[in-house]
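K.L.:
sequence and predicted structure below; questions after.
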Amino acid sequence: MHLDVQDLRNFYYRSMLGRAAQKAIRDKVITTWPAAKAKGQTVAGFGFAVPLLRPYLSSARRVMGLMPAPQGVMPWPAGMQNVSVLVEDTMWPLDTGVVDKLVVMHGLETSETPSFLLDEAYRVLGPGGRALFITPNRAGLWARSDATPFGYGRPYSMSQLEAQLEEHGFRVERHLSALYQPPSSKRFWLKTGSFWERAGLQLPLVLAGGVLMVEVSKQIPAPKRPGLAQAVKRPLKVLEGLGVPEPSASRVQDASRSGPFRSGRIIRFDLR
């Protein structure tokens, strides 16, 4: 089930721990997709991904925040023209192939129909487009804490997440991890959050990171042609190797003896 949009807003914008989590994840997103390279592109976020989209407001041609109906919607960004909209998990008000970059956070693990959600994400993504799926790490501490939004829904392992994305036509380009600091609001952990994020890069991906981040591209299958996929140079014939049937010598001799013109005999016909 999706979390309420008010709870998500309070965590990311009104708590110190939420602001620290927002910065840690957003830094990884910006490193993967620099805002300057999004010029002229359409950037969308599904779930509650709007905290990660603010750097693209000044460079991208269009930015959209798609918020699922069970979660609720809030106006975003504050103090600017609203670009967020309420949508169904499996029915987004976007044309096919119009999105260049898509961020999904607090959307996949909480959806009741994740397979249909991935189909919709594949539909709106354009050729050559990229998507970034951010989910709780099943082996991380954040998935075990109810004090954060990452403690709700279905946490994933890296192999599970990649297998599900590949099953729906996505090609995995890279995988990252973030939130190496413990999910604690104590001052010590908050002040040393940047240190833990840097130190976490040296640790195994599946052990420490609180969230998994998988970047994928849209893989378009090759067009299908009718008939065989390959031309057969030498097709096998049914009667290949069999000679043309010829009458035997005995049958030819019998036919000549029984015919009206036998050797050495003249047959006359009376036409009167």
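P.N.:
Nice, I can see it.

K.L.:
the stretch 51-200 of the chain: helices as residue ranges?
P.N.:
Taking DSSP state H, counting those that start in this stretch as the test, the helices found in the stretch 51-200 of the chain are 114-124, 158-167, 187-191, 193-200.

K.L.:
can you pull up the most central residue in this protein?
P.N.:
Among the residues of the chain, the smallest C-alpha distance to the mean C-alpha position (Cα atoms, centre = their mean) belongs to F170, namely 3.1 Å.

K.L.:
any idea how far L66 is from the closest residue to that residue other than its chain neighbours?
P.N.:
With sequence-adjacent residues excluded and distances taken as Cβ to Cβ, 6 or more residues apart in numbering, F170 is closest to V216, at 3.8 Å. Backbone N, C-alpha and C define where each C-beta goes, glycine included. In this structure, V216 and L66 are separated by 17 Å, where distance is defined by Cβ to Cβ, to the nearest Å.

K.L.:
what does stretch 84-99 contact?
P.N.:
Here stretch 84-99 makes contact (Cβ atoms under 8 Å, 6 or more residues apart in numbering) with 42-44, 46, 50, 64-70, 72-76, 107, 111-113, 116-117, 119-120, 123-127, 129.

K.L.:
the residue nearest to the centre of the chain pairs with what?
P.N.:
Residues in a beta bridge with F170, per DSSP bridges, are K218.

K.L.:
contacts only, for it.
P.N.:
In this structure, F170 makes contact with 118, 122, 131, 216-219, judged by Cβ under 8 Å, 6+ apart.

K.L.:
among those, name the buried ones.
P.N.:
Using 16 or more other Cβ atoms under 10 Å as the burial test, these include 118, 122, 131, 216, 218 as buried.

K.L.:
make TSV out of those residues and add distance to M16 and pLDDT.
P.N.:
Formatted as TSV, the entries for these read as follows, by distance: Cβ to Cβ, whole Å; pLDDT from 0 to 100:
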residue	distance to M16	pLDDT
L118	34	96
Y122	37	96
A131	30	97
V216	32	97
K218	38	90
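
K.L.:
so of the residues you listed, which two are at opposite extremes in space?
P.N.:
Using Cβ to Cβ, those reach their maximum pairwise distance at L118 and K218, which is 11.5 Å.

K.L.:
burial count for T32?
P.N.:
Neighbours of T32 under the rule other Cβ atoms under 10 Å: 15.

K.L.:
pretty sure it sits against A178.
P.N.:
No - in this structure, T32 is not within contact of A178 by Cβ atoms under 8 Å, at 10.8 Å.

K.L.:
quick one on the thing from earlier: how close does the residue nearest to F170 get to S194?
P.N.:
Between V216 and S194 the distance is 28 Å, computed by Cβ to Cβ.

K.L.:
look up how far P182 lies from the residue nearest to the centre of the chain.
P.N.:
F170 sits 32 Å away from P182 when distances are taken as Cβ to Cβ.

K.L.:
tell me the mean pLDDT for stretch 87-106?
P.N.:
In this model, stretch 87-106 carries a mean pLDDT of 94.

K.L.:
and it, how far apart are its ends?
P.N.:
With Cα to Cα, to the nearest Å applied, stretch 87-106 spans 14 Å between its terminal residues.

K.L.:
how about the strands of the stretch 51-200 of the chain, start to end?
P.N.:
Secondary structure of the stretch 51-200 of the chain (DSSP state E, counting those that start in this stretch): strands at 62-68, 84-87, 99-105, 125-136, 170-178.

K.L.:
got a list of contacts for the fourth one?
P.N.:
In this case it means strand 125-136. For strand 125-136, using Cβ under 8 Å, 6+ apart, the contacting residues are 25, 29, 32-33, 49, 97-105, 108-109, 121, 142-143, 150-151, 153, 155-156, 161, 165, 170, 173, 210-218, 220.

K.L.:
buried subset of those as a PyMOL selection?
P.N.:
One line in PyMOL is enough to select the buried members of the contacts of strand 125-136, burial here meaning 16+ other Cβ under 10 Å:
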select buried, resi 25+29+33+49+97+99+100+101+102+103+104+105+108+109+121+142+143+150+151+153+155+156+161+165+170+210+211+212+213+214+215+216+218
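
K.L.:
re earlier: would you tell me which one of the strands of the stretch 51-200 of the chain is buried the most?
P.N.:
Burial of the strands of the stretch 51-200 of the chain is given as mean neighbour count (mean count of other Cβ atoms under 10 Å); strand 99-105 ranks first at a mean of 25.
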